[in-house]
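>>> here's a sequence, model it:
(2 chains)
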Amino acid sequence: MTDTVAQAAVADVKAAPDTMAWDSGLRRLMMIYLPLGCFVLILLFPFYWMAITSFKPNAELMNYREHNPFWISSPTLAHIKHLLFDTAYPHWLWTTMLVAIGSTTLSLIASTLAAYAIERLRFRGSPYVGLGIYLAYLVPPSILFIPLATVVVQFGLFDSPLALILVYPTFLVPFCTWLLIGYFKSIPYELEECALVDGATRLQILRRITLPLAVPGLISAGIFSFTLSWNEFIYALAFIQSGANKTVPVAILTELVTGDVYQWGALMAGSLLGSLPVAIFYSLFVDYYVSSLTGAVKE
Amino acid sequence: MSVTTFSSPALAQRQPNWLVRLFDYKPFLIAMCLAPAIGLLSVFLTYPLGLGIWLAFTDTTIGRRGIYVGLENFQYLLTDSLWWNAVFYSVVYTAIATFGKFALGFWLALLLNNHFPFKSVLRAIILLPWIVPTVLSALAFWWIYDPQFSIISYLLVDVLHWRDSNVDFLGSPWPARFSLIAANIWRGIPFVAISLLAGLQTISPSLYEAAMLDGASAWQRFRYITFPMMMPILAIVMTFSIIFTFTDFQLVYAITRGGPGNSTHLLATLAFQRGIAGGELGEGAAIAVSMIPFLVFATLFSYFGLARRKWQQGESND
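Residues are numbered from 1 along each chain as shown, chains lettered A, B, ... in the order given. The predicted model follows:
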């Protein structure tokens, strides 16, 4: 907002000597900053609304006549307190964290090894293995969840977070492998040849040379996997039954939505708290996110 | 003397134990490296995919092994008006949402491609809707679409005085359908915009300079440079977007659960309702399998997009 105002001021200053400059400044304001401002406003509004609802007392929440709905007159922590002490929310957070970390670790190990084999050990048919893993990414969970539910039951893992840790790599491994193949490609092969000449074994090369150089790629793959498994919904909904083992997204929807009158304050507080870990994680590694997102698309 | 002392450690290193040698044997190493990924993917992806297709031809329910019933499930679906409804809404949902996401996302990418202060901060903020768990932002939309306390209704009725009564977003079929599509577009814009922005940044400025020297207007520069150069990346991003919009589950399940009157069921939510909630695994699997032809169509679309990319690179290289 302040930017657009500043831009308008700049445009006004420029207006005095030259009408052409004024024209282009105004044009820039109308063609770039105004639509950009609208985009940001619309993209962020649901989060603002989520945040403001979770600190509003119920009286204000349901009364738009006497209180301006866009602001809080008397903020309260009641909803968050209710969430943390009267529900199993901390436990759900813990389960979600456990599942996200477990599946991320598993898929990072599997996809690093696979990417190394495909890109660096180069064997006959390695492009086809790479293509196969890429195609696995195109199989959406909506097609798989029903047969996977029976597989999970067969393995005796129904209602256990371990099922999620084992199933999430199905969509994490293809993505990470794909990302890491791109990273390994950017590391000069000559480095490995030197090490081979010096008598290092392949595993030593992977551990001492390739992996340290691929750390940015590993971080990208790791944070992406963490976010994706934190956000996963359909498998967690289908495979987990008991309230205590649910992940945050599923638990909020199935355990907190009760009765005919929705507790919007608590629901929004739950959504806010459930979004915060990924949002903080994201803000710490923004550049990795953007580069891996765009890198994966460009590959 | 000196030679022997020199060579003995070297000799020791040359004779590593059999385990180390085994791991340096290339075929074995390749197999070991691929084993975790291939193992996980075959047990939890390829096998369930096959099992799902098999289940679609059986009458399995939860707790009872089914027998082969041939095309019965599919024949039943063809007479089932709910399935036709879901197909209809899935196609409408995908078409409108994809169009909206790409029109707005492309516009946002073009805006972000300009130079202005705090660009990287803005880019980071814009990705937020895509990062946050979909179900949680869907809950926020549910609250925004509340029949009584919707903030949009408040704006339209009490602030702008454009309407006399609150908007009934989720109470009747068509408004509910469009409300869901709007939420999907909202969630999809960031991904499209950031991916396309990456594509825009690879277009060489010299092309625009040459076009400007030739007197091309802004629209002509967009139509004859930006758009054709963006085709390959548009095709890839669009394929992904179509696949994951068509098979969307979370938004609909969180906001309407297929209601009102089953009017907003997508194929995925219908499959869940019949297969998991209703226990008819065979029928649910048949609904899920009926999504595959659409997905194959989308993948072929991507393939031809890629083919065009190679042709284009050949053109621009000379």
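>>> going forward, measure contacts and count neighbours with C-alpha atoms only.
Noted.
>>> get me the contact residues on the stretch 201-318 of chain B for chain A.
B:233, B:236-237, B:240, B:243-244, B:247-250, B:254, B:268, B:272, B:275-276, B:281, B:284-285, B:288-289, B:291 (CA under 8 Å from any CA of the partner chain).
>>> could you rerun that using 7 Å?
Neighbours of chain A within the stretch 201-318 of chain B, by CA under 7 Å from any CA of the partner chain: B:244, B:247, B:250, B:254, B:268, B:275-276, B:281, B:285, B:288-289.
>>> pLDDT on the lengthiest helix in chain A, on average?
Using DSSP state H, we find that the single longest helix of chain A is helix A:89-116. Here helix A:89-116 scores 93 as its mean pLDDT.
>>> which positions in the next helix or strand after it come out as buried?
Later in the chain than helix A:89-116, the nearest helix or strand by DSSP states H and E is helix A:126-137. For helix A:126-137, the neighbour count (16 or more other CA atoms under 10 Å in any protein chain shown) marks A:126, A:129-130, A:133-134, A:136-137 as buried.
>>> go on, stretch B:50-57?
Buried residues in stretch B:50-57, counting neighbours by 16+ other CA under 10 Å, are found at B:51-57.
>>> quick one: it near chain A?
Yes. Remark: stretch B:50-57 sits within contact range of chain A at B:51-52, by CA under 7 Å from any CA.
>>> what does that stretch rub up against?
Contact with stretch B:50-57 is made by A:144, A:147, B:68-71, B:73, B:282-283, B:285-286, B:289, as judged by CA atoms under 7 Å, 6 or more residues apart in numbering or on different chains.
>>> that one: how far from the chain's middle?
24 Å (CA atoms, centre = their mean, to the nearest Å).
>>> before we move on, what about stretch A:41-57?
Per CA atoms, centre = their mean, the centroid offset for stretch A:41-57 relative to its chain is 19 Å.
>>> average pLDDT for it?
Here the average pLDDT along stretch A:41-57 is 92.
>>> with just CA atoms, put it into PDB.
Provided in PDB are the C-alpha atoms of stretch A:41-57 (Å, rounded to 0.1, in the frame of the first residue of the first chain):
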ATOM      1  CA  LEU A  41      -4.800  -8.500  -1.000                       C
ATOM      2  CA  ILE A  42      -6.900 -11.400  -2.300                       C
ATOM      3  CA  LEU A  43      -4.100 -14.000  -1.800                       C
ATOM      4  CA  LEU A  44      -3.500 -13.000   1.700                       C
ATOM      5  CA  PHE A  45      -7.000 -12.100   2.900                       C
ATOM      6  CA  PRO A  46      -8.000 -15.700   4.000                       C
ATOM      7  CA  PHE A  47      -4.900 -15.800   6.200                       C
ATOM      8  CA  TYR A  48      -5.700 -12.400   7.800                       C
ATOM      9  CA  TRP A  49      -9.200 -13.600   8.300                       C
ATOM     10  CA  MET A  50      -8.000 -16.900   9.800                       C
ATOM     11  CA  ALA A  51      -5.700 -15.000  12.200                       C
ATOM     12  CA  ILE A  52      -8.100 -12.400  13.300                       C
ATOM     13  CA  THR A  53     -10.900 -14.900  13.900                       C
ATOM     14  CA  SER A  54      -8.700 -17.000  16.200                       C
ATOM     15  CA  PHE A  55      -8.100 -14.000  18.500                       C
ATOM     16  CA  LYS A  56     -11.700 -12.700  18.500                       C
ATOM     17  CA  PRO A  57     -14.000 -13.400  21.500                       C
END
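>>> picking that back up, which among the contacts of stretch B:50-57 end up buried?
Of these, these count as buried by 16+ other CA under 10 Å: A:144, A:147, B:73, B:282-283, B:285-286, B:289.
>>> ok, the residue nearest to A:H91 when sequence neighbours are not counted - contacts?
Distance criterion CA to CA, 6 or more residues apart in numbering or on different chains; nearest residue to A:H91, sequence neighbours excluded, is A:A244 at 6.9 Å. Counting by CA under 7 Å, 6+ apart, A:A244 touches A:88, A:91-92.
>>> let me have the residues you listed in a markdown table, extended by neighbour count.
As requested, these are exported to a markdown table (neighbours: other CA atoms under 10 Å in any protein chain shown):
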| residue | neighbour count |
| --- | --- |
| A:A88 | 17 |
| A:H91 | 17 |
| A:W92 | 22 |
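>>> nearest to chain B among those?
A:W92 (14.2 Å; CA to the nearest CA).
>>> tell me the SS of B:I203?
coil (DSSP: H, G, I helix; E, B strand; the rest coil).
>>> skipping adjacent residues, who's closest to the residue most central in space within chain A in space?
Taking CA atoms, centre = their mean, the centroid of chain A lies closest to A:T227, which sits 3.2 Å from it. Spatially, and ignoring its direct neighbours in sequence, A:T227 is nearest to A:V278 (6.1 Å; CA to CA, 6+ apart).
>>> surely the one you found and A:F226 touch.
No. Between A:V278 and A:F226 there is no contact under CA atoms under 7 Å: 8.3 Å.
>>> centroid-nearest residue for chain B?
Short answer for chain B (CA atoms, centre = their mean): B:F244, at 3.0 Å.
>>> so what pLDDT did that one get?
90.
>>> got a list of what it touches?
B:F244 neighbours (CA under 7 Å, 6+ apart): A:P140.
>>> distance-wise, check it relative to A:S142.
Look at B:F244 and A:S142: by CA to CA, to the nearest Å, they are 9 Å apart.
>>> how about the residues of the stretch 1-150 of chain B near chain A?
By CA under 7 Å from any CA, the residues of the stretch 1-150 of chain B that approach chain A are B:24, B:30, B:33-34, B:36-37, B:40-41, B:44-45, B:48-49, B:51-52, B:111, B:124, B:126, B:129, B:132-136, B:140-141, B:149.
>>> if you set the cut-off to 8 Å instead, what comes out?
Near chain A, when you scan the stretch 1-150 of chain B using CA under 8 Å from any CA, you find B:20, B:23-24, B:26, B:30, B:33-37, B:40-41, B:44-45, B:48-49, B:51-52, B:55, B:108, B:111, B:124-126, B:128-129, B:131-137, B:139-141, B:143-144, B:149.
>>> could you pick out the buried ones from the residues you listed?
For the residues of the stretch 1-150 of chain B next to chain A, buried by 16+ other CA under 10 Å: B:23-24, B:26, B:30, B:33-34, B:36-37, B:40-41, B:44-45, B:48-49, B:51-52, B:55, B:108, B:111, B:124-126, B:128-129, B:131-137, B:139-141, B:143-144, B:149.
>>> for the host helix or strand of B:T269, packing partners?
Assigned by DSSP H and E, B:T269 falls within helix B:267-272. Packing partners of helix B:267-272 (3 or more CA pairs under 8 Å, 6 or more residues apart in numbering or on different chains; DSSP states H and E): helix A:141-154, helix B:81-112, helix B:281-289.
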